[in-house]
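In: Structure of the sequence below:
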Amino acid sequence: MIDEITAEINESQAVFAVDYRGITVAQVADVRAKLRESDTTFRVVKNTLTERAADQAGADALKALLEGPTALAFVKGDAAAAAKTLSDAAKETELLPFKGGLMDGNALSADDITAISKLPSREVLYGQLVGIVASPITGLARSLNGLLGGLAIALAAVNDKKASGELPAGEAPAAEAAPAADAEAPAEEAPAAEAEAESAPEAEADAAPAEDTPTENNEE
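Out: Got it, this is the predicted structure:
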C-alpha cells in the first residue's frame, strides 16, 4: 500500500487533500466517478501509511496535512477540473473541505485549491487560444470578402451604364492617340540632322587656312 501511494504521488501533477468526515460510501463512489473524467484517483488511506509514502516520495508538504480523516485526490489530468469537481461536491454535501495539497512539487493551501477550482477547464482554455490565433485570419477573410463584393458591385454598375448609353462602349481613351504623334517627330527632324552633318566638314575646311596665317606673319 505504501509503494502504491508513493507511485501515485510521484506520477500526479497535483495532489489535493480533503477532510472526508461525515461522507457516505455512496457519496464517495459518486465523487470518484466524476473525478475519473479529469483522470483523477480519489483514495482514503490511513494517515500513517500516507506519511511513510510521503517520506519515500519526498513530499514533506503533505505530511502537515495528515491530521484527522484525510482523503487524497491524485490528479494526473486537468487540475482545474478536478478541483472544481471536489468544490462542487463540497457545496452539494456540505462536506469535503479542502485541507491543502501539492502541485508540481509546490505546496498549496486550501484557498489556493479553491482559486484553482474557479479557473476555466483545459478544453475551454484551448478553445480560447484557438479563437485568439484564428481571429486575425477571420478578420482578413472578412476584409477580402468585403473588397471582392465591392468590386463586383462597381463592375456591375459600369456595365449597366454602358448598356444604358451613359458611358461609351468600346471607344479608346483620347490619351492613347498621343504616342502616335510623338512617334512621327523623330522622322521629321532626321533630314535637318543629316544636313548639319554634311555641312560640318566644309566649315572645318574653310576655317583651317585662317589658323595658319598668324604663324606665317610671326615667322616673317
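In: Pull out the buried positions in stretch 19-35.
Out: Asp19, Tyr20, Ile23, Gln27, Val28, Val31, Lys34, Leu35 (16 or more other CB atoms under 10 Å). Quick note: C-beta positions are derived from backbone N, CA and C, even for glycine.
In: Also stretch 76-88?
Out: Gly77, Asp78, Ala79, Ala80, Ala81, Ala82, Ala83, Lys84, Thr85, Leu86, Ser87.
In: of all those, which comes closest to Gly105?
Out: Ala79 (13.2 Å; CB to CB).
In: if I look at the closest residue to Gln13 other than its chain neighbours, how far off is Pro120?
Out: Once flanking residues are discounted, Gln13 sits nearest to Val75: 5.4 Å by CB to CB, 6 or more residues apart in numbering. Distance of Val75 to Pro120, computed by CB to CB, to the nearest Å: 16 Å.
In: Tell me which of the two has more neighbours.
Out: Using other CB atoms under 10 Å as the criterion, Val75 and Pro120 rank with Val75 on top: 27 against 13.
In: Distance check, that one against Val44.
Out: Distance from Val75 to Val44, by CB to CB: 16 Å.
In: likewise Ala61?
Out: 20 Å.
In: Between these two, which has more neighbouring residues?
Out: Applying other CB under 10 Å to Ala61 and Val44 shows that Ala61 carries more neighbours, namely 17 against 13.
In: per-residue pLDDT, the more buried one?
Out: Here the pLDDT value assigned to Ala61 is 91.
In: surely it meets Met103?
Out: No. Using CB atoms under 8 Å, Ala61 is not in contact with Met103, being 10.3 Å away.
In: contacting residues for Asp104?
Out: Gln13, Ala14 (CB atoms under 8 Å, 6 or more residues apart in numbering).
In: no no, Ala57
Out: Thr6, Ile9, Asn10.
In: what sits against Gln13?
Out: With CB under 8 Å, 6+ apart, Gln13 has these contacts: Val75, Lys76, Gly77, Ala79, Met103, Asp104.
In: Can you tell me which of those residues comes closest to Asp112?
Out: Distances from Asp112 to the contacts of Gln13, taken by CB to CB, are shortest for Met103, at 8.1 Å.
In: Pop out the phi and psi values for that closest one.
Out: As for Met103, its main-chain torsions (degrees, to the nearest 10) stand at phi -150, psi 120.
In: Not counting residues beside it along the chain, what's closest to it?
Out: Ala14 (4.1 Å).
In: residues in contact with stretch 32-40?
Out: 41-42, 73-79, 81-82, 85-86, 89.
In: what's the farthest-apart pair in those residues?
Out: Lys76 and Ala89 (18.9 Å).
In: circling back: for the contacts of Ala57, could you give me a markdown table that also reports distance to Ile116?
Out: Shown next, in a markdown table, are these (distance: CB to CB, whole Å):
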| residue | distance to Ile116 |
| --- | --- |
| Thr6 | 24 |
| Ile9 | 18 |
| Asn10 | 21 |
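In: Among the residues you listed, name the buried ones.
Out: Thr6, Ile9.
In: Closest one of the contacts of Ala57 to Leu108?
Out: Distances from Leu108 to the contacts of Ala57, taken by CB to CB, are shortest for Ile9, at 13.8 Å.
In: what helix or strand does the closest one sit in?
Out: Assessed by DSSP states H and E, Ile9 sits inside helix 2-11.
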